[in-house]
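Asker: Quick one, structure for this:
(chains A and B)
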There are 2 protein chains.
Amino acid sequence: MPEPRSVGLVSAQKAVFETPITLTSGVTLPRYELVYETYGTLNADRSNAILICHALSGHHHVAGRYSEDDKNAGWWDNMIGPGKPIDTDRFFVIGLNNLGGCHGSTGPSSIDPATGKPYGSTFPLVLVRDWVETQARLADQLGIHRFAAIIGGSLGGMQALRWTITHPDRVRHALVIAAAPKLTAQNIAFNDVARQAILTDPDFHGGDYYQHDTVPRRGLRLARMLGHITYLSDDGMGEKFGRMLRSGEYKYGFDVEFEIESYLRYQGDKFSDYFDANTYLLMTKALDYFDPARHYGGDLVKALAEVQARFLVVSFNSDWRFSPARSREIVKALLDARKHVSYAEIDSKHGHDAFLMEDAPYHAIMRAYLDNIAQEIAA
Amino acid sequence: MPEPRSVGLVSAQKAVFETPITLTSGVTLPRYELVYETYGTLNADRSNAILICHALSGHHHVAGRYSEDDKNAGWWDNMIGPGKPIDTDRFFVIGLNNLGGCHGSTGPSSIDPATGKPYGSTFPLVLVRDWVETQARLADQLGIHRFAAIIGGSLGGMQALRWTITHPDRVRHALVIAAAPKLTAQNIAFNDVARQAILTDPDFHGGDYYQHDTVPRRGLRLARMLGHITYLSDDGMGEKFGRMLRSGEYKYGFDVEFEIESYLRYQGDKFSDYFDANTYLLMTKALDYFDPARHYGGDLVKALAEVQARFLVVSFNSDWRFSPARSREIVKALLDARKHVSYAEIDSKHGHDAFLMEDAPYHAIMRAYLDNIAQEIAA
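Answerer: Next up, the predicted model:
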């Protein structure tokens, strides 16, 4: 029986770009590929396209399933589908794996045509503005000039924000969720500990572990465990795990004692099974470097001067990675730049991860905002 | 020229305990040594002794210097000395390195007399209550039955709290600073990531790295970097480091880019030069296990029923490791148990580390409280 309100069975497509791209770092990639999925139908005047930008560990598989017995739906399946807040009966939704990713788009684990070996340490760092550029090229291939909306949470929200600055005429609405206008020292510090865990893993081999038939599993596992703590709220963790013991008694050893340890280690193990360490490094650096105000003397208001998009900014009160205060910085800058912005601060116990969760007030706000966009396009 | 208000030149002493001790884990140590320092003079009726309990990376060298050209004073030198808040003209102050430590007391890196090799993986875990027991034995050797005060910050504050429950008649006052009645899931999670960094370091060798002529430096370095983030406040880090770049420009690589990275890596490097990884593991487990209410059905009020000590509880508003809310749990339980407690919440930007900092309002409160103790003893 088909799942209600699901986009159903989906499959990934690949876009090939033979035009070289020079990245912000100065490095040129002669060619690259982006893997993507689409849901819904592009309307006749190509005005109903929505781009979903992914966060650190996300990818192009945003909604639907790959087969009838596929246990895992896309990572934002609760948000996207027929009748869901991002309604695929009304919108043509695109999800892609960003350049540098490890889910099919060209990245550090891809074969470098120049050498016949994986790029590894030679793959360039990619900045949010570079992603926006590659996403714009994908949009060109798909015949989409202007997006009805560009939507993303966390690092994905930063891409949506960057789009409105780089291509003001190509974004009707930006939905910037659980994001920040730039990282704080503490954010960078957590990223650097995660990176050091990977970089100092003896199996990292300077980034060229592919040739050594190994992966820096220990480092990546630690990075994910640490990341995971910052995605959850103190209260949320307390409510779910508290000081619950695995066996009911203290064991006085280093095996799992508390349930939270079991959970975190499991998350780390699972992640290090499939995610590429070089991509993890690259994604954290993109986060660190993101600072659209930097070329405007640190003034975000100036950076936003040419923006045409209207905004929905959403934050979650238990998110301490990118707290509501950080979203409010974006809102204030938009208001000071005399732009249209709606802002919602959602009550949630899920911390930063809340942006991925099904939550009635959150989804109601998304639905209402997207309804308006649909009506605007239809008008 | 002698330093004003310093205890001056000090030297460590060693206490040897030939009576076996059975730890909470069930393991018996046949003998052990504790290294300690004292400042000031024990009065005739032995009523002016103060015990300083150290936190995760602390030790017995609490005040003074070892030589005229010693660059580093003891870790709480700003608090302890003639005319300082903990006034050595009035009090006899004892600092010790806890059992399991790596600064001279018997610990994992000590030689096991049974084997002639370092204990390493065979050294038992030590709980806060075990430390209290060994500290009580040290007090017995020094001829001190009742302490004027037992004082500690963080894990040290937990020892002070535990003392008042285990030995109600032996503590006149407990000063519990920047502590918590037990760790949260998030606290344990951070500790477990730190431990996993050490345990999975190939140089750890199951804890017996001494015999392999190596140390798990990478793991210990990561543990310290991570710990350090939790000792500082987001705002404090932001104010000190912000997004300041090492070279003024993005370098697009994995070397130090932001000053905060340089600072953290330096802290990690320095720490991994001198601290023992097995001791670090042991200290974090003592933190995790601490939960004096556990044997009272989780009811801290019941745990405190027999307490005779009066309390000063101090917290710092930017401390997110053990936030003021955690100190207030202790205060509330003491009040509900009808005990004497004074509580101060200090405004500080230094996060958890604030308990070690020289800060006028904080020191004024400590001084006032200790003045009262001195008068009480003299009366």
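Asker: Please count neighbours and contacts with C-alpha atoms only from this point.
Answerer: Fine.
Asker: need the contact list for the spatially most central residue of chain A.
Answerer: Nearest to the geometric centre of chain A sits residue A:55, at 1.4 Å (Cα atoms, centre = their mean). Contacts for residue A:55 (Cα atoms under 8 Å, 6 or more residues apart in numbering or on different chains) come out as A:152, A:153, A:154, A:155, A:156.
Asker: Give me the distance between it and residue A:13.
Answerer: 20 Å (Cα to Cα, to the nearest Å).
Asker: where does the residue nearest to the centre of chain A fall, helix, sheet strand or coil?
Answerer: Classification of residue A:55 using DSSP: H, G, I helix; E, B strand; the rest coil returns coil.
Asker: Next one, pLDDT for it please.
Answerer: Residue A:55 carries a pLDDT score of 98 in this model.
Asker: now do residue A:32
Answerer: Residue A:32 is assigned 98 on the pLDDT scale.
Asker: Next to chain B, which bits of the stretch 151-300 of chain A? Give me the list.
Answerer: When proximity is defined by Cα under 8 Å from any Cα of the partner chain, the stretch 151-300 of chain A lies next to chain B at A:183-186, A:188-190, A:192-193, A:196-197, A:200, A:218, A:222, A:225-226, A:229, A:234, A:237-238, A:241-243, A:250-253, A:260-261, A:264, A:289.
Asker: Please compute how far the strand or helix carrying residue A:374 lies from its chain's middle.
Answerer: Element membership for residue A:374, per DSSP states H and E: helix A:360-378. Mean-position distance between helix A:360-378 and its chain equals 21 Å (Cα atoms, centre = their mean, to the nearest Å).
Asker: mean confidence for it?
Answerer: Helix A:360-378 carries an average pLDDT of 97.
Asker: Against chain B, how distant is residue A:295?
Answerer: Using Cα to the nearest Cα, to the nearest Å, residue A:295 is found at 12 Å from chain B.
Asker: burial count for that residue?
Answerer: 11 (other Cα atoms under 10 Å in any protein chain shown).
Asker: From residue B:249, how far off is it?
Answerer: Counting by Cα to Cα, the gap from residue A:295 to residue B:249 is 12 Å.
Asker: Against which helices or strands is the helix holding residue A:374 packed?
Answerer: With contacts taken as 3 or more Cα pairs under 8 Å, 6 or more residues apart in numbering or on different chains; DSSP states H and E, helix A:360-378 sits against strand A:86-87, strand A:341-346.
Asker: Can you list the neighbours in contact with the last one?
Answerer: Contacts of strand A:341-346 with the rest of the structure, by Cα under 8 Å, 6+ apart, involve A:310-317, A:324, A:331, A:334-335, A:361-362, A:365.
Asker: how far does that strand sit from the chain's center?
Answerer: Relative to the chain's own centre, strand A:341-346 is displaced by 19 Å; criterion: Cα atoms, centre = their mean.
Asker: In its sheet, which strands sit next to that strand, and in what direction?
Answerer: Here strand A:341-346 has these sheet partners by DSSP bridges: strand A:310-316 (parallel).
Asker: Okay, buried residues for the very next helix or strand once past the strand it pairs with please.
Answerer: Counting by DSSP H and E, the next helix or strand C-terminal to strand A:310-316 is helix A:324-336. Neighbour-count burial for helix A:324-336, with 16 or more other Cα atoms under 10 Å in any protein chain shown as criterion, is recorded at A:324, A:325, A:326, A:327, A:328, A:330, A:331, A:333, A:334.
Asker: Pull up the gap between the third one and chain B, please.
Answerer: When you say that, I think you mean residue A:326. According to Cα to the nearest Cα, residue A:326 stands 12 Å off from chain B.
Asker: wait, isn't that residue in contact with residue A:176?
Answerer: No. Assessed by Cα atoms under 8 Å, residue A:326 is found out of contact with residue A:176, at 11.5 Å.
Asker: Flag the shaky bits of chain A, pLDDT-wise.
Answerer: Residues of chain A that meet the criterion pLDDT under 70 lie in A:1-2.
Asker: how close does residue A:367 sit to residue A:60?
Answerer: 22 Å.
Asker: More neighbours: which of those two?
Answerer: For residue A:367 versus residue A:60, neighbours defined as other Cα under 10 Å are more numerous around residue A:60 (26 against 18).
Asker: can you pull out the strands in chain A?
Answerer: Along chain A, the stretches classed as strands by DSSP state E are A:13-17, A:21-22, A:28-29, A:32-39, A:49-53, A:80-81, A:86-87, A:92-96, A:111-112, A:117-118, A:149-153, A:173-177, A:310-316, A:341-346.
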